[in-house]
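# Prediction below, plus the sequence it came from.
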2 protein chains.
Amino acid sequence: MDAGFFVPVRIVGGENCVKKGAQHFAPFGRSALIVCGKSAAQNGALADVKSALAANGQSAVVYDAIPQNPTLACVYEGARVARENRVDFVVAIGGGSPMDAAKAIAVLACQDAPEGLFAHAIGNAVLPMIHIPTTAGTGSEVTPYAIITNDEQKTKQSISSPALFPRIAFLDGKYMASLPQEVTVNTALDAVSHAVEGMLSVRAGGMSDLFAKQALSLLLGEYENLLAGSYTPASRQNLLYGATLAGMVIANTGTTPVHGMGYSLTYFHGVPHGRANGLLLPNFLKECERIWPGSTRKVFDALGMDLQTFAQKVKALLGRRKKLPEEELRDFAARAAKNKNVRNCRVPFTEADLYTVLKRSVG
Amino acid sequence: MDAGFFVPVRIVGGENCVKKGAQHFAPFGRSALIVCGKSAAQNGALADVKSALAANGQSAVVYDAIPQNPTLACVYEGARVARENRVDFVVAIGGGSPMDAAKAIAVLACQDAPEGLFAHAIGNAVLPMIHIPTTAGTGSEVTPYAIITNDEQKTKQSISSPALFPRIAFLDGKYMASLPQEVTVNTALDAVSHAVEGMLSVRAGGMSDLFAKQALSLLLGEYENLLAGSYTPASRQNLLYGATLAGMVIANTGTTPVHGMGYSLTYFHGVPHGRANGLLLPNFLKECERIWPGSTRKVFDALGMDLQTFAQKVKALLGRRKKLPEEELRDFAARAAKNKNVRNCRVPFTEADLYTVLKRSVG
């Protein structure tokens, strides 16, 4: 059965939507914690948020110490800042790292987690959140997930709760105007992977498949621009809407072994998250089709191309890839086999199947 | 600016989703009021709901006295039944009439409205609602609106509040398996009209346009089946998902003068709601284009055809149309000019413009 489809996030989109939509911040209280990385000051998003809050007479504390792949330390520190300043709500600005960190901070600002964040059963007492993506990939602005680095387990790990859905997502492609080409491509590949993985989830359904198709149509419609590294404001907005729709998909379906394997590439080799998914996705699909012939048909129907064409297109975007030693491939396959994403895939993957994908992709 | 996009309804879809998804009813309390028309017993939906509730040990009272175009009397009576039986939640089964009536009942069961339902400021105390459409058209299962007949004003009138969003919508095309051809066509035209009108709303935005395009693609993909009156289960599900997506559009954009004019055709001549919209839509678009050249371009891009082709296709579905006398056309134009839907349209319509549409469509 369809798992259902539920995204209780208000989308506010379009050029200058943060400043024009200042009234949307008003109901959440007197003072905000703005969670971001250093780039938020450059792309204009931080200034827009400050201006919107000021227009409502709301105060703000900025916590901009979020690194790429946020750590437990940084989210505990953010929660300390939130508590110390008695903020009423959180505004997250950034790519997946600040947006995910903000979710963990919103929890830890209200809830002690003596058993540790990853073991903690997240209650409903969470600071309300407003998310503003400045990359088009993660979809965190519409998901109930946050991915935080777990150094004990040497991987990225997710926390998940309906309480982690942001209240509002502001979608303005202008914040991506000066995003580096590499980041644009990697995040777009992340979004493509979300849509594709969502279609192969055990929780995929008629409604989530519709969103996935629409996401792929928007994202692949920008393929030539991604390849050329040349974007109009409309391109940026298409990529952003595509990424958000793909986020709505995984909010309901979850991800698959592509993410499960990708986490090791990121943790041990610093491969950017979206690039890791892009590296693995074509061979994952090939392996799906070998294990269960016909299982990927709807994916390629939605992509409007066959596996070979898709693999070539992704390859052209990825450029030169690093090769990993045999020993690591085996280790990463073993790690991925333990990830819950594996059981979330319609196609059953064994550790050997995961190894095959890793070997063909980065071996 | 985009008005934003917000649909906080959990969609549960697919064959037998009501029975398979019985657990979704559990959180809402011990006893339900089932609001439906007489057809709910025939199409199997009532039995499925009763079985799902029984599986959870929940009790149910059935209120099946909802006529087509629900009246104030029937919703007040439904609220009396709800109060008398102290129900905890409402389950609506049916087309637009029972689904809309259920919303008014859910309000009046908790709130007195001494100033009258239409003048009442709807508060948040509303019985939680679960909606199960058995036609594919209205989209009420995902909107914050209910359309109730106002005999004093001699029209259909809407009530609107975020509190009117159902909590869950179950989407199973099997309940439409024996739906009469005329009802199937009329409700499909209603859904098409929602998607098109949504694109021309002053509140249309990038996200709502994406949903409108996807809705039109699903609905028009079934055109040949609609014309032939021959449906597979997949056709029924496509029409249903299309109607729900179009409902998500108007949940955010509202409707336009097509609905404003259509209400008179329904109130005074008993023209089914969807048919009324279908009768008016092509000439409405023609008039939009005359008033504001280029205003409908995105609509025809989404439809994938030009006005003439679209008008012919709609005409083929509608069959023979009744002609109304001049005097009535003038009266209906005057009534529509007072409807708030007129101000909700990007293209400014005068009473004379509305008359032109009516004259060409049903004159």
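Thanks, I have the structure now.
# Count the residues that sit near whatever residue of the stretch 51-200 of chain A ends up closest to chain B.
Here the stretch 51-200 of chain A gets closest to chain B at one residue, residue A:171, 7.6 Å apart by C-beta to the nearest C-beta. C-betas here are computed from N, CA, C, even on glycine. By other C-beta atoms under 10 Å in any protein chain shown, the residues close to residue A:171 number 28.
# So what's the residue count around residue A:232?
11.
# for it, what are its contacts?
By C-beta atoms under 8 Å, 6 or more residues apart in numbering or on different chains, the contact set of residue A:232 is residue A:225.
# Okay, buried residues for the lowest-mean-pLDDT helix or strand in chain A please.
Among the helices and strands of chain A, strand A:155-160 carries the lowest confidence by mean pLDDT, DSSP states H and E, at a mean of 90. Judged by neighbour count (16 or more other C-beta atoms under 10 Å in any protein chain shown), strand A:155-160 contains these buried residues: A:155-159.
# which residue ranges form the strands in chain A?
For chain A, the strands defined by DSSP state E occupy A:5-13, A:31-36, A:59-63, A:89-94, A:129-133, A:145-150, A:155-160, A:168-171.
# Let me have these in TSV, extended by distance to residue B:165.
As requested, the strands of chain A are exported to TSV (distance: least, C-beta to C-beta, whole Å):
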stretch	distance to residue B:165
strand A:5-13	10
strand A:31-36	27
strand A:59-63	31
strand A:89-94	22
strand A:129-133	20
strand A:145-150	24
strand A:155-160	24
strand A:168-171	16
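# out of the ones you listed, which comes closest to residue B:318?
Between residue B:318 and those, the tightest spacing by C-beta to C-beta is seen for strand A:5-13, at 32.7 Å.
# Against which helices or strands is the closest one packed?
When contacts are defined as 3 or more C-beta pairs under 8 Å, 6 or more residues apart in numbering or on different chains; DSSP states H and E, strand A:5-13 sits against strand A:168-171, helix A:206-220, helix A:233-253, strand B:5-13, helix B:206-220.
# quick one, which of the ones you listed is packed in tightest?
Mean neighbours per residue, mean count of other C-beta atoms under 10 Å in any protein chain shown, is largest over these for strand A:168-171, with a mean of 28.
# what does it rub up against?
Outside strand A:168-171, the residues touching it (C-beta under 8 Å, 6+ apart) are A:9-14, A:17-18, A:21, A:24, A:130-133, A:141-142, A:237, A:240-241, A:244, B:206-207.
# Show the contacting residues for residue A:362.
Residues in contact with residue A:362, defined by C-beta under 8 Å, 6+ apart, are A:265, A:279-280, A:321-324, A:329.
# Go again with 10 Å.
Taking C-beta atoms under 10 Å, 6 or more residues apart in numbering or on different chains, we find residue A:362 in contact with A:261, A:265, A:269, A:271, A:276, A:279-280, A:283, A:321-324, A:328-329, A:332.
# And residue A:96, by the same measure?
Residues near residue A:96 by C-beta under 10 Å, 6+ apart: A:68-70, A:133, A:135, A:137-141, A:143, A:145-147, A:187, A:190, A:273-274.
# What about residue A:116, how many residues nearby?
Neighbours around residue A:116, by other C-beta under 10 Å: 10.
# typo on my end, it should be residue A:85
Neighbour count of residue A:85, defined by other C-beta under 10 Å: 16.
# What about it? Give its phi and psi, please.
Note on residue A:85: backbone dihedrals following degrees, to the nearest 10 are phi -90, psi 0.
# Then residue A:21?
Note on residue A:21: its backbone torsions stand at phi -100, psi 30 [degrees, to the nearest 10].
# these two touch, right, it and residue A:56?
No - counting by C-beta atoms under 10 Å, residue A:21 sits too far from residue A:56 to count as a contact (11.1 Å).
# Tell me which of the two has more neighbours.
Using other C-beta under 10 Å as the criterion, residue A:21 and residue A:56 rank with residue A:21 on top: 21 against 16.
# Without its sequence neighbours, what residue ends up closest to that one?
Spatial nearest neighbour of residue A:21, excluding adjacent residues (C-beta to C-beta, 6 or more residues apart in numbering or on different chains): residue A:12 at 4.8 Å.
# for the one you found, what are its contacts?
Going by C-beta under 10 Å, 6+ apart, the list of residues near residue A:12 reads A:18, A:20-21, A:24, A:130, A:132, A:168-172, B:1-6, B:205, B:207.
# returning to what we had before: please list which of the contacts of residue A:96 are also close to chain B.
With the criterion set as C-beta under 10 Å from any C-beta of the partner chain, no member of the contacts of residue A:96 is near chain B.
# and these, which are buried?
Among these, those scoring as buried are A:69-70, A:133, A:135, A:137-141, A:143, A:145-147, A:187, A:190, A:273-274 (criterion: 16+ other C-beta under 10 Å).
# Mind checking which of those residues land in helices?
A:187, A:190, A:273-274 (DSSP state H).
# Let me see the contact set for residue A:342.
With C-beta under 10 Å, 6+ apart, residue A:342 has these contacts: A:256-257, A:260-261, A:336, A:348-351, A:353-354.
# Looking at those, which is nearest chain B?
Proximity of these to chain B (C-beta to the nearest C-beta) peaks at residue A:256, which lies at 20.1 Å.
# How is chain A divided into domains?
Split into domains by automatic domain parsing, chain A comes to A:10-175, A:180-362.
# Can you give the distance from stretch A:321-341 to the centre of its chain?
Here stretch A:321-341 is found 21 Å from its chain centre; the criterion is C-alpha atoms, centre = their mean, to the nearest Å.
# Which residues of the stretch 201-350 of chain A lie near chain B?
Counting by C-beta under 10 Å from any C-beta, the stretch 201-350 of chain A sits next to chain B at A:205-211, A:213-215, A:217-218, A:234, A:237-238, A:240-242, A:244-245, A:252.
# meant to ask about the stretch 51-200 of chain A, not that
Within the stretch 51-200 of chain A, the positions near chain B by C-beta under 10 Å from any C-beta are A:165, A:167-173.
# Arrange those in a markdown table, one row each, with distance to residue A:115 and pLDDT as further columns.
Converted to a markdown table, these look like this (distance: C-beta to C-beta, whole Å; pLDDT from 0 to 100):
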| residue | distance to residue A:115 | pLDDT |
| --- | --- | --- |
| A:165 | 23 | 98 |
| A:167 | 27 | 98 |
| A:168 | 31 | 98 |
| A:169 | 30 | 98 |
| A:170 | 34 | 98 |
| A:171 | 36 | 97 |
| A:172 | 39 | 97 |
| A:173 | 41 | 97 |
